[in-house]
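Student: Could you look at this predicted model? Sequence included:
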Amino acid sequence: MARRGDRRRLALLLGPVTLFLGTCFIGPMAVMIVFSFLEPALYGGVEWSFYHLNYGRILGWADSEWESFDPVYAAIFLRSVRLALTNVVILLVICYPAALWVSGLSARWRTLLVFLTTLPFFVSLVVRLFIWVLILRPTGFLNSSLIGLGLISEPIDIIFTETAVLIGMAYVLLPFMFLPVYASVEKLDRSLIEASSDLGGSPLKTFFRVTLPLTLPGIAAGAVLVFIPSLGNFIVPDLLGGAKVLMIGNLIEQQFLSARNWPFGSALSVMIMVVMFVLIIFYLRQIGRQGANQ
Amino acid sequence: MSGEEEARNQQTPIAEVREAVKRFAATEGGVITALDGVSLKVQPREFVTLLGPSGCGKTTLLRVISGLEELDAGEVLIAGEPMTTVPPHRRPVNTVFQNYALFPHLSVGDNVGYGLDVAGVPRRQRNTRVGEVLERIGLGGFEPRRPDQLSGGQRQRVALARAIINRPSLLLLDEPLSALDRNLRQSMQLELKTLQHDLGISFLFVTHDQEEALTMSDRVAVLNKGRIEQVGTPEAHYHRPATRFVAEFIGDGALFSGRIEGPTEDPVLVTGDGLRLAVALGTTVNQVATLLLRPEHLEAAPEAPDAAFGVIEVRLKQSVFLGASRKFVCCLANGATVTAAPTGAGAQALSRVAPGELVRLAYRRDQPHLILGADDGT
């Protein structure tokens, strides 16, 4: 009797989330995967016949009747990966020392500073990015300050470049790197650092042999949390990259909204999903191994 | 002072702390003085224990020597060299930490070999030495294990092995046995002492356990509130405590503060509430002093005690069986408690007394130690 009661309670507890994920998550994803193998209809939508060239186009092989070999999409994909990885590195270089510093402060300051890193979430993303447009454009704050200081005579081209996209993405995704890195740095037992130093480890050796390995889970978490939204991001390149810095996110957006090629957009999305899936598996295994060690 | 001890004192001390002062900002505001002008020397091959209650500054003193804490005033010398500007990783001392601080991401072998790895010792030599040290502390073949697969006692040994592999001239031990159970602790005490002797290095050992301090040390330094109360052999601390604090902290015993009065041929300590206790002949009268009555000083009073004895009348409260002996907890007229632990015939005489009865106890008046000077109030 007790078992049946347990089961009913389990069904009640898990029912809503199953229903929600089933209709709002798995369903659309299934539609996307199916569409990625169908032929595009002329004005959006799909023709219900199998079509392998959605994936072929990504690699550069397309319908030989009206297209020639052109790996333009592969290039966009590689650029997206490159920018996303660069962003991960930039944020790591910014956040790791910052997290080390913050974790050494008094409890009151720590709480305040951690809260401050999440503060930008209270303002709309588009508004915040538009402020960067105002800062980076040729007549914007950055250029007028540099000219005012006499450091440059002509405004430098930053807006609508990869640099602008990287600045914007680093700005938007900073908390996703800072918080997990900070969590692992803060948890680090200071007596281990003292032990290393006591045993003759210089500060540099202590960092590479003790601090870094023990905070690796935080770094891995931050890297995954930053890489995934960087790869699929389309708002930042749209606003700060203009038409020049096209990323995979923009490409997908275009396929659905402008080009009306739903199957190709779906194929691109599926591909990103697979890449991210592989990464998350890798990350979870890493975390699992770290957990086993501690 | 024995000849050996004299010879020691002529050598350059392994470590010397001069007038060390260390203050911390307290979390609730204000300043805590952890070290208040501490001076201490550790001689080669010497086992010195820092003994004191928690918060007395003993751990801070260790950390000051290892360089993990900087001094506000005073200086630390190791092998005669001033250490003020020397960072912890360049000091020839190693520490066994209270929580062991083993690296959780490294195997036992890598933990023990850490000091050699950062020093760049070649791999083969390093592995041999790790194997030797692990063998020496009874954990041969444990290299591939992880710290979390070890028992508390094994972790303690790994921490010890890791700290001695660099062959420091001075090993600092911060309450290394406090997390172990009683039996393990006692066997480790002896083992540590043997290890110290075999390695031929100095140990500076921190503990709050007086028994630990008395069993292992060549010399003990008792700390209280950031000051050293007394430095000396365990025997000196036990038989001739310099202050009331040391007398209370080390060993059992009852303390009576008062004034020495009476004729020189029969000096008596008179306490504030009128208790009169005979003290050693020849004690200068008209001064304040504190008398320490240890349990072993007291026995059942003979029928007609002569002038060599002091006699007190007490009421027996409890007779406690201790295995090999028995102790008798008694109550004085002023409410103070004294404990008697006589041996042989004295014990038999007291065993016949029923709890609640009055009984006369005696002590040889030259036996109990007299701390001269004003009661320091602790």
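Tutor: Right, received. Where do you want to start?
Student: tell me which parts of the stretch 51-200 of chain B are close to chain A?
Tutor: Among all residues of the stretch 51-200 of chain B, those adjacent to chain A (criterion: Cβ under 8 Å from any Cβ of the partner chain) are B:66-68, B:87-90, B:93-95, B:97, B:99, B:101-105, B:114-115, B:117-119, B:146, B:148, B:162-163, B:166. The way it works is simple: take the backbone N, C-alpha and C, and place the C-beta from them, glycine included.
Student: What segments of the stretch 1-150 of chain B are helices?
Tutor: Taking DSSP state H, counting those that start in this stretch as the criterion, the stretch 1-150 of chain B carries its helices at B:3-10, B:58-66, B:108-112, B:114-119, B:123-136.
Student: Looking at these, spot the one closest to A:G104.
Tutor: helix B:58-66 (17.3 Å; Cβ to Cβ).
Student: Can you tell me what sits against the closest one?
Tutor: A:198, B:15, B:17, B:20, B:22, B:34-35, B:38, B:40, B:50-52, B:69-71, B:76, B:78, B:83, B:88, B:91, B:93-95, B:98, B:170, B:172, B:174-175, B:204, B:206-208, B:223 (Cβ atoms under 8 Å, 6 or more residues apart in numbering or on different chains).
Student: Among the residues you listed, the buried ones, what's the PyMOL command?
Tutor: Buried residues among these (16 or more other Cβ atoms under 10 Å in any protein chain shown), as a PyMOL selection:
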select buried, (chain A and resi 198) or (chain B and resi 15+17+20+22+34+35+38+40+50+51+52+69+71+76+78+83+88+91+93+94+95+98+170+172+174+175+204+206+207+208+223)
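Student: Mind checking which of the contacts of helix B:58-66 are in strands?
Tutor: Counting by DSSP state E, the contacts of helix B:58-66 place B:15, B:17, B:20, B:22, B:34-35, B:38, B:40, B:50-51, B:76, B:78, B:93-95, B:170, B:172, B:174, B:204, B:206-207, B:223 in strands.
Student: quick one: the residue lying closest to A:P138 once chain neighbours are set aside from B:G30, how far?
Tutor: Of all residues not flanking A:P138 in the chain, A:P155 sits nearest, at 4.1 Å (Cβ to Cβ, 6 or more residues apart in numbering or on different chains). Separation of A:P155 from B:G30 (Cβ to Cβ, to the nearest Å) stands at 56 Å.
Student: Mind checking which of those two has more residues around it?
Tutor: For A:P155 versus B:G30, the count of surrounding residues by other Cβ atoms under 10 Å in any protein chain shown is larger for A:P155: 16 against 8.
Student: The more buried one belongs to a helix?
Tutor: No: counting by DSSP: H, G, I helix; E, B strand; the rest coil, one finds A:P155 to be coil, located in no helix.
Student: From chain B, how far out is A:G27?
Tutor: 43 Å (Cβ to the nearest Cβ, to the nearest Å).
Student: for A:L12, same thing?
Tutor: For A:L12, the distance to chain B - Cβ to the nearest Cβ - is 39 Å.
Student: count of neighbours near that residue?
Tutor: By other Cβ under 10 Å, the burial measure for A:L12, its neighbour count, is 9.
Student: now A:D157
Tutor: Quick note: A:D157 (other Cβ under 10 Å) scores 13 neighbours.
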